[in-house]
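Asker: sequence and predicted structure below; questions after.
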Amino acid sequence: MNPDKVFFEPAALKYELGKELRERFCDIPWVAIQSHNKIDELRAKSNREFPKLKRHLIVGVRKSLTHTPNHKVSDFLVPYTSSGCSAICLYCYLVCNYNKCSYLRLFVNREQMLYKIIKTADDAQKDLVFEIGSNSDLVLENTITGNLEWTIENFGKNKKGLITFPTKFDMVGPLLSLNHNGRVIMRMSVNPQEIITKIEFGTSPLKRRIAALNSMCEAGYKVGILIAPVILVENWRELYSKLIDRLAEELTEKAKRRLFIEIIFMTYSYVHRAINREAFPKAAELYDKELMTGRGRGKYCYRDDVRAMGEEFLRNQLEVKLPGVPIIYVV
Ligand code: SF4
């Protein structure tokens with residue numbers, strides 16, 4: 001990422017990471033703000049300026065450290081060192097939460113956040129799993145802050161618990177030699193290359209994502225694959241069939257033996273439509289009135305019967321092409 005401007009909370013500069021960022025990005029403007037949650041100048045921008053906003057970096061101190069119970073891959077969703085992202089996936093659910101303010105925010109109080117995870121892990125009866133990447137992409141963030149390397153090294157020393165994060169990026173080189181101690185699960189999010197090209201702007205190509213997963217598995221990390229989000233474009237059967245062919249061909253035997261799969265169908269929203277229509281008028285339209293239905297205020301998802309048909313198709317394909325790989329849930 002090459003940010004063009006940094007908005008910062010002055011308190012962030014009291015932290016080591018805040019000082020490092022200040023030095024690293026000393027040749028672009030730094031604008032002081034009161035709160036990373038409310039930057040009026042950016043909120044007032046039009047939807048058309050969404051891609052430009054994604055070039056800003058926000059540096060602050062995370063205040064809310066509440067762990068939210070979760071029942072999929074992890075026991076808790078944990079607020080961690082960033083939220084938002086500099087890539088642009090047209091369906092990104094962070095857009096729903098932050099609207100056009102889904103730019104990358106970095107939080108410099110990482111010691112406080114990791115300490116809380118470690119304390120909760122140590123106090124528990126069983127090995128808890130903490131999802132640290134539900135608000136951003138930590139592999140991407142790591143290229144700016146080194147936070148993921150720092151986290152893995154420090155959490156790896158702990159005797160209890162696991163951390164997990166999903167990613168759509170392949171820059172895992174700096175993670176391979178770390179002492180993760182088997183306490184880290186990386187989940188690579190994949191989609192057909194045609195969908196990556198047309199809808200997941202700025203993320204890594206499929207080939208490199210699969211290679212990154214193989215390398216992480218070889219380095220002893222626990223690994224998973226997220227087929228997510230499944231988008232039912234016109235030729236979706238052909239695209240997802242080819243995707244699963246490629247997984248079967250390009251994943252190493254070791255990775256196939258160790259991984260698990262999650263499948264998540266796309267949800268979309270009125271906010272996405274408004275931003276995408278104005279910021280990317282030529283991009284693919286993801287809302288399909290034939291296949292989708294309303295779900296909550298301003299949100300859309302695939303109709304139950306449509307989703308069930310997609311699920312059956314994917315389960316059949318996976319059973320034939322990646323036999324024995326567990327599918328832990330489909331939503
Ligand atoms: S890479 Fe992940 S966090 Fe970033 S825009 Fe895409 S879906 Fe959102």
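Answerer: Great, that's in hand. Residues are numbered from 1 along each chain as shown.

Asker: pLDDT score for the nearest residue to Val129 once chain neighbours are set aside?
Answerer: Spatial nearest neighbour of Val129, excluding adjacent residues (Cβ to Cβ, 6 or more residues apart in numbering): Ser74 at 4.2 Å. C-beta: built from backbone N, CA, C; applies to glycine. At Ser74, the pLDDT value in this model is 97.

Asker: before we move on, what about the one 5 residues further on?
Answerer: The score at Pro79 is 94. That number is its pLDDT.

Asker: wasn't it part of a helix?
Answerer: No: using DSSP: H, G, I helix; E, B strand; the rest coil, the assignment for Pro79 is coil, not a helix.

Asker: how close does it sit to the ligand?
Answerer: According to Cβ to the nearest ligand atom, to the nearest Å, Pro79 and the ligand sit 15 Å apart.

Asker: for Leu148, same thing?
Answerer: 14 Å.

Asker: tally of neighbours for that residue?
Answerer: Using other Cβ atoms under 10 Å, Leu148 has 30 neighbouring residues.

Asker: need the residues of the stretch 201-331 of the chain near the ligand, please.
Answerer: Neighbours of the ligand within the stretch 201-331 of the chain, by Cβ under 6 Å from any ligand atom: Thr203.

Asker: excluding chain neighbours, what is closest to the residue in the stretch 151-300 of the chain that the ligand sits nearest to?
Answerer: Proximity of the stretch 151-300 of the chain to the ligand (Cβ to the nearest ligand atom) peaks at Lys168, 4.3 Å away. Nearest non-adjacent residue to Lys168, counting by Cβ to Cβ, 6+ apart: Thr203, 4.1 Å away.

Asker: give me the beta-bridge partners of the residue nearest to Pro326 when sequence neighbours are not counted?
Answerer: With sequence-adjacent residues excluded and distances taken as Cβ to Cβ, 6+ apart, Pro326 is closest to Phe260, at 4.8 Å. Beta-bridge partners recorded for Phe260 (DSSP bridges): Gly224.

Asker: wait, isn't Phe260 in contact with Gly324?
Answerer: No: between Phe260 and Gly324 there is no contact under Cβ atoms under 8 Å: 10.9 Å.

Asker: higher neighbour count, those two?
Answerer: Phe260 (17 against 8).

Asker: any figure for the gap between the more buried one and Ala211?
Answerer: Distance, Phe260 to Ala211, by Cβ to Cβ, to the nearest Å: 19 Å.

Asker: who in the stretch 51-200 of the chain is up against the ligand?
Answerer: 85, 87-89, 92, 94, 136-137, 168, 200.

Asker: which of the residues you listed sit farthest apart?
Answerer: Pairwise distances across these peak at 15.1 Å for Ser136 and Glu200 (criterion: Cβ to Cβ).

Asker: list phi and psi for Tyr91.
Answerer: phi -110, psi 0 (degrees, to the nearest 10).

Asker: isn't there a helix covering Ile196?
Answerer: Yes: judged by three-state DSSP, Ile196 forms part of a helix.

Asker: now do it against Ala248, distance only.
Answerer: Taking Cβ to Cβ, one finds Ile196 at 18 Å from Ala248.

Asker: ok, these two, which is more surrounded?
Answerer: Ile196 (19 against 16).

Asker: the more buried one touches Gly202, doesn't it?
Answerer: No: with contacts counted by Cβ under 8 Å, Ile196 stays clear of Gly202, the gap being 10.1 Å.

Asker: circling back: need the buried ones from the residues of the stretch 51-200 of the chain next to the ligand selected in PyMOL.
Answerer: To isolate the buried ones among those in PyMOL, judged by 16 or more other Cβ atoms under 10 Å, type:
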select buried, resi 85+87+88+89+92+94+136+137+168+200
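
Asker: tell me which of the residues of the stretch 51-200 of the chain next to the ligand fall in strands.
Answerer: 88-89, 200 (DSSP state E).

Asker: residues near Gly156, how many?
Answerer: Neighbours of Gly156 (other Cβ under 10 Å): 15.

Asker: got the contact list for it?
Answerer: The contact partners of Gly156, by Cβ atoms under 8 Å, 6 or more residues apart in numbering, come to 178-181, 183-184.

Asker: now do stretch 315-324: distance to the chain's middle.
Answerer: 25 Å (Cα atoms, centre = their mean, to the nearest Å).

Asker: let me know the distance separating the spatially closest residue to Asn2 that is not a sequence neighbour from Gly18.
Answerer: Closest residue to Asn2 in three dimensions, ignoring its sequence neighbours and counting by Cβ to Cβ, 6+ apart: Arg55, at 7.5 Å. Arg55 sits 20 Å away from Gly18, taking Cβ to Cβ as the criterion.

Asker: tell me the secondary structure for Phe228?
Answerer: Slight slip there: residue 228 is Ala, not Phe. With three-state DSSP as the criterion, Ala228 reads strand.

Asker: need the pLDDT of it.
Answerer: Reported pLDDT for Ala228: 98.

Asker: pretty sure it sits against Ile261.
Answerer: No: using Cβ under 8 Å, Ala228 is not in contact with Ile261; the gap is 9.9 Å.
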